[in-house]
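K.L.:
Return a 3D structure for these sequence lines:
(chains A and B)
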2 protein chains.
Amino acid sequence: MISRFPDLFKVLRRRRPPKHFHRRHPPPPRVHTMSESDLRPPEHQVAGHRASANRLGPLIDGTGLFYKPLQAGDRGEHEVAFYEAFSAQPAVPPRIRDAFFPRFHGTRLLPTAARPDEPHPHLVLDDLLAGLEAPSVIDIKIGACTWPPSSPEPYIAKCLAKDRGTTSVLLGFRISGARVVGSGGAVWRTERPEVKALDTAGIRRVLQRYVSSVDGDDLDCALAAAVYGGEGGVLAQLRELKAWFEEQTLFHFYSASILLGYDANAVSATGGAAGVRVKLVDFAHVVDGDGVIDHNFLGGLCSLIKFISDIVAETPGKPPLGRS
Amino acid sequence: MISRFPDLFKVLRRRRPPKHFHRRHPPPPRVHTMSESDLRPPEHQVAGHRASANRLGPLIDGTGLFYKPLQAGDRGEHEVAFYEAFSAQPAVPPRIRDAFFPRFHGTRLLPTAARPDEPHPHLVLDDLLAGLEAPSVIDIKIGACTWPPSSPEPYIAKCLAKDRGTTSVLLGFRISGARVVGSGGAVWRTERPEVKALDTAGIRRVLQRYVSSVDGDDLDCALAAAVYGGEGGVLAQLRELKAWFEEQTLFHFYSASILLGYDANAVSATGGAAGVRVKLVDFAHVVDGDGVIDHNFLGGLCSLIKFISDIVAETPGKPPLGRS
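P.N.:
The predicted structure is shown next:
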């Protein structure tokens, strides 16, 4: 079997990245010029570390780009290698690439507050939520198994404990975080320890809360039809993605997430699915598919589709404008 | 969540089965009367222990029934509980039950050669290969994960080692055994140590060998169109099963197998898919689905479908009668 992803494995074999490996990826000429002071942590971030004076985290520049600091160890370089391989892979249908993946604009060194003299390499990607006035976001890590089979044993043990301790093994996915903007602009978000402890009923509840206009015991799922259902809605997009995963044998997306986003203001105002986004993110553990489908991602995706289609089916028809 | 499978969990909680638990399942009145000397091990058995003077194993009676000895520990009783729950479950579509599952005829005590004075309880099931003159058979254990999440730790560790040591984790299934009858009646079969060591290329080769008229380096896949493709063929049946698994939340089929069978004589003579069988077997580790789909079985099933559809697509069209 010939690897379709040769650079990736080259990266995997080299345990220590060379000091200036990011120089292989100069910033593309079209990257917007801006003052670094324009960079800020995205307010809609729902999973991962938030950038602060002492900690690296993703940044946005307000012009549609998202800067993700390369992760420690091999992971950052591995994610760069994935984006390079994926961008150059002619067997990926353009519609799949454009609809479901952030565009990759190379890497860029950025100074950090913690170490101003040691700029850190960042992936430069599309900001997937750019243009949404009031983004409601949910991050769902797909797959019962989050560890590539070739991983070192301690890493497998760590991942397996998390997969068994969350809903990953049972449901084929887990929720990493969610943020919902209510009708008055109030923001509801999941808290870190709680979200890790969600059981099946809790997962169902967060997926219902994501399309509800009010919090509390009696979730109304008023936006279920507009966000999850209908043409261009989450379900239609997830089913298109599923059809690709039934066929594609290029990559196995271990530990990747599906990010859902919609504009709470726009959905509320128009009742339509305009702006509903379904994107794949987090590719630090993607491996070569070696001619075999990613049954692990596909199984979890089918499970997520069933949860969401149940919510749509169980929600009595309501005019979407009726939420206010 | 209300369990749809209450008897099963009752069985699971009781660690030691009562001495005569099989008395709860008297032989049904319609079980054929026969001399026990008619019972014999099925010659087409490809996985599991073969019945002998010192060992329990499945038996057939030549009239269409298959006797499977209840397995040790909880497993045998658990499988009986599954068959009872499944047979009585009104949400299982009759077409799915009839097409893809052996019919359950209760249990029966049978004397064994090893202990003539201690009859052993057996599941009485349809013989899935009855009526096939020259059965070519393959047993494929479906699912990357063969252990129910609630299993005791030592059992999980044992299963996980097997799942990682075979193709289960990588492909979402592994082959447990195969037997192919050639045009002159010659039988090709997998050997136990080899079949456990199959890698991806080896799995592909056994699936090709299963529909080839000759052995050797140059497998012809002459029967691919007749057995795998076409109306009523393996692929059409697997896709029907897949559609049910995308919806059904009743049972999770850990460690169950798909048994494929066809009549080498009939396919050779008619070129049609007559007699191609796709059946689920081995339910000692099935658990209640608790309202969630079986993403683990579904992912493996999709992977198997991709392997088989690739073989059909790669095989140049040949008249099926051209194999002789």
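
K.L.:
just the strands in the stretch 1-150 of chain A please.
P.N.:
For the stretch 1-150 of chain A, the strands defined by DSSP state E, counting those that start in this stretch cover A:59-60, A:65-69, A:104-110, A:120-126, A:135-142.

K.L.:
Would you convert those into JSON lines that also reports mean pLDDT and mean neighbour count?
P.N.:
Where C-beta positions appear, they are placed from N, C-alpha and C, glycine not excepted. What follows is these, written out as JSON lines (pLDDT from 0 to 100; neighbours: other CB atoms under 10 Å in any protein chain shown):
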{"stretch": "strand A:59-60", "mean pLDDT": "92", "mean neighbour count": "20"}
{"stretch": "strand A:65-69", "mean pLDDT": "95", "mean neighbour count": "22"}
{"stretch": "strand A:104-110", "mean pLDDT": "95", "mean neighbour count": "20"}
{"stretch": "strand A:120-126", "mean pLDDT": "96", "mean neighbour count": "21"}
{"stretch": "strand A:135-142", "mean pLDDT": "97", "mean neighbour count": "24"}
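
K.L.:
so which of those strands gets nearest A:Leu198?
P.N.:
strand A:135-142 (11.3 Å; CB to CB).

K.L.:
ok now that closest one, how far from the chain's centre?
P.N.:
7 Å (CA atoms, centre = their mean, to the nearest Å).

K.L.:
And the helices in chain A?
P.N.:
Using DSSP state H, the helices of chain A run over A:6-13, A:75-88, A:94-100, A:153-165, A:168-171, A:192-196, A:200-209, A:234-245, A:264-270, A:295-314.

K.L.:
among those, which is nearest chain B?
P.N.:
helix A:295-314 (2.8 Å; CB to the nearest CB).

K.L.:
what's the closest one packed up against?
P.N.:
Packing contacts for helix A:295-314, counted by 3 or more CB pairs under 8 Å, 6 or more residues apart in numbering or on different chains; DSSP states H and E, involve strand A:135-142, helix A:168-171, strand A:173-181, helix A:200-209, helix A:234-245, strand A:251-253, helix B:295-314.

K.L.:
if we go to 7 Å?
P.N.:
The contact analysis (3 or more CB pairs under 7 Å, 6 or more residues apart in numbering or on different chains; DSSP states H and E) places helix A:295-314 against strand A:135-142, strand A:173-181, helix A:200-209, helix A:234-245, helix B:295-314.

K.L.:
May I see these organised as a markdown table, with distance to B:Pro193 added?
P.N.:
What follows is these, written out as a markdown table (distance: least, CB to CB, whole Å):
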| stretch | distance to B:Pro193 |
| --- | --- |
| strand A:135-142 | 36 |
| strand A:173-181 | 37 |
| helix A:200-209 | 40 |
| helix A:234-245 | 34 |
| helix B:295-314 | 23 |
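
K.L.:
out of those, which comes closest to B:Ala201?
P.N.:
It's helix B:295-314; of the helices and strands packed on helix A:295-314, that one is closest to B:Ala201 (CB to CB) at 11.4 Å.

K.L.:
Next, the angle helix A:234-245 makes with that closest one.
P.N.:
50 degrees (axes from the mean of the first three to the mean of the last three CA atoms, to 10 degrees).

K.L.:
Which positions within helix B:295-314 qualify as buried?
P.N.:
B:295-309, B:311-312 (16 or more other CB atoms under 10 Å in any protein chain shown).

K.L.:
cool, and stretch A:154-166?
P.N.:
A:Ile156, A:Cys159, A:Leu160, A:Lys162, A:Asp163, A:Thr166.

K.L.:
how deep is the residue of the stretch 1-150 of chain A found nearest chain B tucked in, by neighbour count?
P.N.:
Using CB to the nearest CB, the single residue of the stretch 1-150 of chain A nearest to chain B is A:Pro149, 5.3 Å away. Counted with other CB atoms under 10 Å in any protein chain shown, residues neighbouring A:Pro149 total 15.

K.L.:
got any ranges where chain A has weak pLDDT?
P.N.:
By pLDDT under 70, the low-scoring segments of chain A are A:1-37, A:268-274, A:318-324.

K.L.:
Tell me the residues of it that contact chain B?
P.N.:
Contact residues, chain A versus chain B (CB under 7 Å from any CB of the partner chain): A:144-145, A:149, A:164, A:169-172, A:200, A:246, A:290, A:292-293, A:295-296, A:298-300, A:302-303, A:306.

K.L.:
if you set the cut-off to 6 Å instead, what comes out?
P.N.:
A:149, A:169-172, A:246, A:292-293, A:295, A:298-300, A:302-303, A:306 (CB under 6 Å from any CB of the partner chain).

K.L.:
Tell me the spacing between the closest residue to A:Trp147 other than its chain neighbours and A:Gly182.
P.N.:
With CB to CB, 6 or more residues apart in numbering or on different chains as the measure, A:Cys159 is the residue that lies nearest to A:Trp147, at 4.0 Å, once sequence neighbours are left out. From A:Cys159 across to A:Gly182, the span is 35 Å (CB to CB, to the nearest Å).

K.L.:
before we move on, what about A:Val195?
P.N.:
For A:Val195, the distance to A:Gly182 - CB to CB - is 19 Å.

K.L.:
Look at these two and report which has more neighbours.
P.N.:
A:Val195 (21 against 17).

K.L.:
quick one: that one from B:Asp217, how far?
P.N.:
From A:Val195 to B:Asp217 the distance is 54 Å (CB to CB).

K.L.:
which one is A:Gln237 nearest to, not counting chain neighbours?
P.N.:
Per CB to CB, 6+ apart, closest to A:Gln237 is A:Val278, 4.0 Å.

K.L.:
Report how many residues lie close to that neighbour.
P.N.:
A:Val278 has 21 nearby residues by other CB under 10 Å.

K.L.:
Which strand residues bridge it?
P.N.:
A:Leu260 (DSSP bridges).

K.L.:
ok, it - contacts?
P.N.:
By CB atoms under 6 Å, 6 or more residues apart in numbering or on different chains, the contact list for A:Val278 reads A:Val234, A:Gln237, A:Leu260.

K.L.:
Out of the residues you listed, give me the one that has the most neighbours.
P.N.:
In the contacts of A:Val278, the most neighbours by other CB under 10 Å go to A:Val234, 29 neighbours.

K.L.:
A:Phe251: neighbouring residues, count only.
P.N.:
As a burial measure, A:Phe251 scores 23 neighbours (other CB under 10 Å).

K.L.:
ok, now how distant is it from A:Phe283?
P.N.:
Taken as CB to CB, the span from A:Phe251 to A:Phe283 is 8 Å.

K.L.:
ok, now A:Gly64?
P.N.:
20 Å.

K.L.:
Comparing the two, which residue is more hemmed in?
P.N.:
The neighbour comparison of A:Gly64 against A:Phe283 (other CB under 10 Å) goes to A:Phe283, with 25 against 13.

K.L.:
how near is the closest residue to that one other than its chain neighbours to A:Val281?
P.N.:
Nearest non-adjacent residue to A:Phe283, counting by CB to CB, 6+ apart: A:Phe82, 4.3 Å away. Distance, A:Phe82 to A:Val281, using CB to CB: 11 Å.

K.L.:
Neighbour count for these two, which is higher?
P.N.:
Taking other CB under 10 Å, A:Phe82 and A:Val281 do not tie; A:Phe82 has more neighbours (24 against 19).

K.L.:
so who does the residue in the stretch 101-250 of chain A that chain B sits nearest to touch?
P.N.:
Using CB to the nearest CB, the single residue of the stretch 101-250 of chain A nearest to chain B is A:Gly172, 3.6 Å away. Residues near A:Gly172 by CB under 6 Å, 6+ apart: A:Ala144, A:Gly299, A:Gly300, A:Ser303, B:His295.
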